[in-house]
Every structure is written in C-alpha cells, then in structure tokens.
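[1] Show me the folded form of this:
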Amino acid sequence: MAGEKTVRLSRRYEAHGRTFDSLTFRAPVMADFEAIGEIAETQPAPGGGSMVISHDDRIWKYRDRLMKSGADLPSSTDIDQLDLGDAIAVKEAITDFFIQARGKPSRSAPSELPPTS
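    Take a look at the predicted model:
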C-alpha cells in the first residue's frame with residue numbers, strides 16, 4: 001500500500017490565512033484502525049443477498065486523523081468549505097487505502113509447499 005495519497009483539488013482554497021489546492025493523507029496504521037474501525041460493513045439485504053453500509057462518519061474521522069497538517073498546510077477545520085466534487089475525491093482517497101489493503105494477499109494463509117520427490 002502506498003505510504004500516502006495526495007488529492008489534487010479542483011481549485012485553490014483559502015481558509016484561516018492558508019491557501020491550498022491539494023491535501024495529503026498518510027496511510028492508516030493499526031492504531032488508527034483500532035481507534036476508528038471499519039469504514040463499511042456488509043449486511044443481509046431484504047429479499048436475499050447483501051448490501052454494503054458505508055460509515056461516512058468514520059471516513060471523516062480517518063480524514064481528520066490522516067491529513068498531513070502543519071504551519072503552511074491546511075488543518076481539518078480549513079476544509080469545511082470544499083466543493084462537493086473535492087469532498088468526494090477526499091472520501092475516495094480514504095476508501096482507497098482500505099481497498100488496497102484488502103487487495104494484498106493474506107499473510108496468515110498457509111503457503112503451498114512445492115511437491116516433494
């Protein structure tokens with residue numbers, strides 16, 4: 001999984017004396033996952049099958065926790081006025097960390113041994 005993701009925003013924003021046109025997020029680690037939890041879950045759907053329930057509130061907690069900030073960088077309070085398209089791009093970047101992590105092969109699965117002769 002990539003160590004960080006940078007979201008290029010559709011325009012330059014200004015808030016609290018800071019101007020910015022991108023946001024950078026570090027990859028979540030176990031402490032983040034333990035503190036916030038899953039961003040989505042699968043539930044049985046009426047009539048059979050299943051449906052995915054997204055926990056947007058948790059995605060926003062990850063956003064605030066993972067966003068790189070500093071004297072010249074925006075803080076989580078600076079991004080309240082992002083356009084909807086930019087807000088969706090941020091949500092997709094956070095979600096992508098989880099998609100990428102789940103795409104890795106399981107490290108706990110037993111590995112196949114080559115046949116012995």
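[2] going forward, measure contacts and count neighbours with C-alpha atoms only.
    Noted.
[3] wait, residue 36 sits on residue 56?
    No. Using CA atoms under 8 Å as the test, residue 36 is too far from residue 56 to be in contact (11.5 Å).
[4] packing partners for the helix of greatest length in the chain?
    Secondary structure of the chain read by DSSP state H shows that its longest helix is helix 84-103. With contacts taken as 3 or more CA pairs under 8 Å, 6 or more residues apart in numbering; DSSP states H and E, helix 84-103 sits against strand 4-15, helix 56-66.
[5] In its sheet, which strands sit next to the first one, and in what direction?
    The partner list of strand 4-15 in its sheet, established with DSSP bridges, is strand 18-26 (antiparallel).
[6] Which positions in the strand it pairs with come out as buried?
    Judged by neighbour count using 16 or more other CA atoms under 10 Å, the buried positions of strand 18-26 are 20, 22-26.
[7] ok so, going back, same list (the helices and strands packed on helix 84-103) but as TSV, adding mean neighbour count.
    Rendered in TSV, the data for the helices and strands packed on helix 84-103 read as follows (neighbours: other CA atoms under 10 Å):
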stretch	mean neighbour count
strand 4-15	15
helix 56-66	17
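[8] The ones you listed: which one's closest to residue 32?
    Set against residue 32 and scored by CA to CA, the helices and strands packed on helix 84-103 come closest in helix 56-66, at 7.5 Å.
[9] coming back round to it: just so I know, which of the helices and strands packed on helix 84-103 lies nearest residue 40?
    When these are compared for distance to residue 40 using CA to CA, the nearest one is helix 56-66, at 8.3 Å.
[10] what's the angle between that closest one and strand 4-15?
    Comparing the axes of helix 56-66 and strand 4-15 via axes from the mean of the first three to the mean of the last three CA atoms, to 10 degrees yields an angle of 90 degrees.
[11] CA atoms only: put helix 56-66 into CSV for me.
    Output for helix 56-66, consisting of C-alpha atoms alone and laid out as CSV, is shown next (Å, rounded to 0.1, in the frame of the first residue of the first chain):
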residue,chain,number,x,y,z
ASP,A,56,-19.2,8.0,6.3
ASP,A,57,-18.7,9.4,9.9
ARG,A,58,-15.8,7.0,10.2
ILE,A,59,-14.4,8.0,6.9
TRP,A,60,-14.4,11.7,8.1
LYS,A,61,-12.6,10.6,11.3
TYR,A,62,-9.9,9.0,9.2
ARG,A,63,-9.7,12.1,7.1
ASP,A,64,-9.1,14.3,10.1
ARG,A,65,-6.6,11.8,11.6
LEU,A,66,-4.6,11.0,8.4
